[in-house]
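Novice: just a sequence and a predicted model for now, questions to come.
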Amino acid sequence: MTNIYNLYSSDENHLGISKSYHIQCDLPPHKFRQILMEFRQNNNVGNDIQAFVDYLKETFPESLHTFDYDDVVQFDADQENSAILTNLTDQMNKPV
């Protein structure tokens, strides 16, 4: 089963999200969280999301695909589209 995980990072001088990573892999959610928590315990690179993504690419090269959204505008558009879809779904489920 393929899962998609979203990771976001921000710079100290940047308010909000500066980079987002979309990771598609075969790792189940509990295993992905376990790897992330172990990685964060490393004091040298624990908070570096890019280093974590690089680690995943090296460790799982066959089953991992990453999609980078450098443009924060794209992220905002995705969030807005998700909200619109949720509202439409809620309206469809309401009795007439």
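Specialist: On my side now, so go ahead.
Novice: residue boundaries of the strands in the protein?
Specialist: Secondary structure of the chain (DSSP state E): strands at 3-9, 19-25, 65-69.
Novice: which strands and helices lie in contact with the second one?
Specialist: Applying 3 or more C-beta pairs under 8 Å, 6 or more residues apart in numbering; DSSP states H and E, one finds that strand 19-25 contacts strand 3-9, helix 49-59, strand 65-69. (Each C-beta comes from the backbone N, C-alpha and C, glycine too.)
Novice: any idea which of these is most buried?
Specialist: Highest mean neighbour count of the helices and strands packed on strand 19-25: helix 49-59, a mean of 15 (counted as mean count of other C-beta atoms under 10 Å).
Novice: re earlier: which one of the helices and strands packed on strand 19-25 lies nearest to His22?
Specialist: strand 65-69 (4.1 Å; C-beta to C-beta).
Novice: now the closest one: mean pLDDT?
Specialist: For strand 65-69, the mean per-residue pLDDT is 71.
Novice: hmm, back to that, columns distance to Ser82 on top of the helices and strands packed on strand 19-25, output as JSON lines?
Specialist: Compiled in JSON lines, the helices and strands packed on strand 19-25 are given as follows (distance: least, C-beta to C-beta, whole Å):
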{"stretch": "strand 3-9", "distance to Ser82": "11"}
{"stretch": "helix 49-59", "distance to Ser82": "21"}
{"stretch": "strand 65-69", "distance to Ser82": "14"}
